[in-house]
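A.B. asks: sequence plus the predicted model coming up.
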Amino acid sequence: MESIVVLGGGLAAASVVSELRERGYSGKLTLISDETDLPYERPPLSKGFLQGKEEPADFIVHDSTWYSEHGVTLRLGVAGISIEAEQQRVLLADGDSVSYDHLVLATGSRASLGKEAPIAGYDLPGVHVLRTLNDAKSLREDITEGTQVAVVGSGWIGMEVAASARQSGARVTVYSPTDVPLSKVFGERFGNYLLELHQRHGVDVRTARVQGIERADGHLQVYSDAGSSRADVVILAMGAVPNLELAETAGLDVDGGVVVDQSLRSSNRQILAVGDIAQAFNTHLDRHLRVEHWDNAIRQGKLAAATLTGADESSDWLPYFFTDQFDLGMEYVGHSSPDDTTVIRGDTESGEFIIFWQHGQTVTAAANVNIWDVNDTLRTLVGRNIDAERLADVQIDLTQL
């Protein structure tokens, strides 16, 4: 009987096995994860779960009954340590091995601890990262009313954690390596809007690079190029590093991610890669792209299952993500550049508006802020040449653009 093995315990891995069974695959199916929890969605970790509004049962992909009823063998709490590609076998940390006919790598990412070396003090009690459910449980226990929280980094995870901690009653300082959070990704205009949002809600955002953390007098001391300050809890939110080690043991082509084609096949035709680690060729954008978002995990999981069951499908969708911070709810679709110009449709003061990014007159991306049920329409506008004045004109219906 044919055997497919999925290495990973996140949403992408769960999407693969779900779609395989949905498409009628009846062979042996095994999911292996170094986490002990059932596969789950990660966005709630920095939002609803951290605020105490959601529990794991709310965001696991399937309960244990589903896996047993669908004939999926779960090997949880055991890490893969090597792939013997010629033998088509995965070696596990417990000394066991699992053979496969096809292997799907969905090993995800881990938190960065520093660019070249781990930041000093990263392993002190009270210093956290946020990538797994266990990370989130530990962090939630430490954040209480009045807790002084320091967030090192001002990317999406850092800003979402800052918002959640502040809403939980903590005092929050964000150490941002740039004057304007996320400006290198989305430009100054939206970055400033996000900065002002946090400042209005009492978050202290400082432009500073953190050199290290020490423990002194029962507290943590954060040292940066803007001075030092005390904290009860520190969250390192300095980005993520794709887990490529297993792919490297298999001898796969790796270039910032596992290089895969539009069908998610790697340089070894028996091995596919999905999710955070996949440097996938996107036929819509005509380039390889590595995306670390919820929507991509679902779509690539389904595409991998399609490929494995003989369907002729490809990675042809635009990247999409969402965020919730304080009273801001935002959906983004496309792939913008920091050099793109931005066009605002609506009034930012009202908190309800749409942002377009353009290269020349070409719409490269769009985001709806507190305006709902328009993202599908925005998706159709990305890639079109549209005059900026028309984009900004609220008298012109979106569907007429």
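C.D. replies: Perfect, thanks for sending it. Numbering: from 1, shown residues only.
A.B. asks: what are the buried residues along the biggest helix by length in the chain?
C.D. replies: Longest helix in the chain by number of residues, with DSSP state H as the criterion: helix 183-200. By neighbour count on 16 or more other Cβ atoms under 10 Å, the buried set for helix 183-200 is 183, 186-195, 197-198. The C-beta positions use only the backbone N, C-alpha and C, and glycine is treated the same way.
A.B. asks: kindly report the same for stretch 64-81.
C.D. replies: Quick answer for stretch 64-81 (16+ other Cβ under 10 Å): Trp66, Tyr67, Val72, Leu74, Arg75, Val78, Gly80, Ile81.
A.B. asks: repeat for stretch 305-312
C.D. replies: Ala305, Ala306, Thr307, Leu308.
A.B. asks: save these as JSON lines, and put in secondary structure and pLDDT too.
C.D. replies: Shown next, in JSON lines, are the buried residues of stretch 305-312 (DSSP: H, G, I helix; E, B strand; the rest coil; pLDDT from 0 to 100):
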{"residue": "Ala305", "secondary structure": "helix", "pLDDT": "98"}
{"residue": "Ala306", "secondary structure": "helix", "pLDDT": "98"}
{"residue": "Thr307", "secondary structure": "helix", "pLDDT": "98"}
{"residue": "Leu308", "secondary structure": "helix", "pLDDT": "98"}
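A.B. asks: in a markdown table: those, plus distance to His128.
C.D. replies: What follows is the buried residues of stretch 305-312, written out as a markdown table (distance: Cβ to Cβ, whole Å):
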| residue | distance to His128 |
| --- | --- |
| Ala305 | 35 |
| Ala306 | 38 |
| Thr307 | 37 |
| Leu308 | 37 |
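A.B. asks: residues touching the closest residue to Asp387 other than its chain neighbours, list them.
C.D. replies: In space, and not counting its chain neighbours, Asp387 is closest to Gln361: 6.4 Å by Cβ to Cβ, 6 or more residues apart in numbering. Taking Cβ atoms under 8 Å, 6 or more residues apart in numbering as the criterion, Gln361 is in contact with Asn385, Ile386, Asp387, Ala388.
A.B. asks: with Ser99 instead?
C.D. replies: Ser3, Val5, Gln87, Gln88, Arg89, Val90.
A.B. asks: which among these count as buried?
C.D. replies: Listed as buried from these are Ser3, Val5, Gln88, Val90; burial here means 16+ other Cβ under 10 Å.
A.B. asks: and the last one, which of the three is it?
C.D. replies: Put plainly, it is Val90. At Val90 the chain is in strand, as set by DSSP: H, G, I helix; E, B strand; the rest coil.
A.B. asks: just the residues contacting stretch 119-131, thanks.
C.D. replies: For stretch 119-131, contacts defined as Cβ under 8 Å, 6+ apart pick out 42, 45-46, 108-111, 113-114, 135-136, 138-139, 142, 152, 157, 161, 210-215, 220, 231-238, 240.
A.B. asks: try 7 Å
C.D. replies: 45-46, 109-111, 113, 135-136, 138-139, 142, 157, 161, 210, 212-215, 220, 232-237 (Cβ atoms under 7 Å, 6 or more residues apart in numbering).
A.B. asks: same question for stretch 203-217.
C.D. replies: Contacts for stretch 203-217 (Cβ under 7 Å, 6+ apart): 119-121, 124, 127, 152, 162, 166, 172-179, 181, 195, 198-199, 220-226, 234.
A.B. asks: in strands, which of these fall?
C.D. replies: Mapping the contacts of stretch 203-217 onto strands (DSSP state E) picks out 127, 152, 172-176, 220-224, 234.
A.B. asks: picking up where we left off before, which ones among the contacts of stretch 119-131 map onto helices?
C.D. replies: Counting by DSSP H, these place Asp135, Ala136, Ser138, Leu139, Asp142, Ile157, Val161 in helices.
A.B. asks: would you mind giving both backbone torsions of the nearest residue to the first one once chain neighbours are set aside?
C.D. replies: So the one you mean is Asp135. Once flanking residues are discounted, Asp135 sits nearest to Val129: 5.8 Å by Cβ to Cβ, 6+ apart. Note on Val129: backbone dihedrals following degrees, to the nearest 10 are phi -120, psi 170.
A.B. asks: neighbours of Val129, just the number please.
C.D. replies: The number of residues packed near Val129 is 21, by other Cβ atoms under 10 Å.
A.B. asks: any idea how far Ala388 is from it?
C.D. replies: Here the distance between Val129 and Ala388 works out to 41 Å (Cβ to Cβ, to the nearest Å).
A.B. asks: again, but for Leu246
C.D. replies: 46 Å.
A.B. asks: swap in Gly227?
C.D. replies: Using Cβ to Cβ, Gly227 is found at 42 Å from Ala388.
A.B. asks: follow-up on the earlier one: report the rounded mean pLDDT for the longest helix of the chain.
C.D. replies: Helix 183-200 shows a mean pLDDT of 90.
A.B. asks: touching that helix from outside, list them.
C.D. replies: In this structure, residues lying in contact with helix 183-200 by Cβ under 7 Å, 6+ apart are 159, 162-163, 178, 180-182, 205, 325-326, 328, 336, 338, 340, 342, 348, 355.
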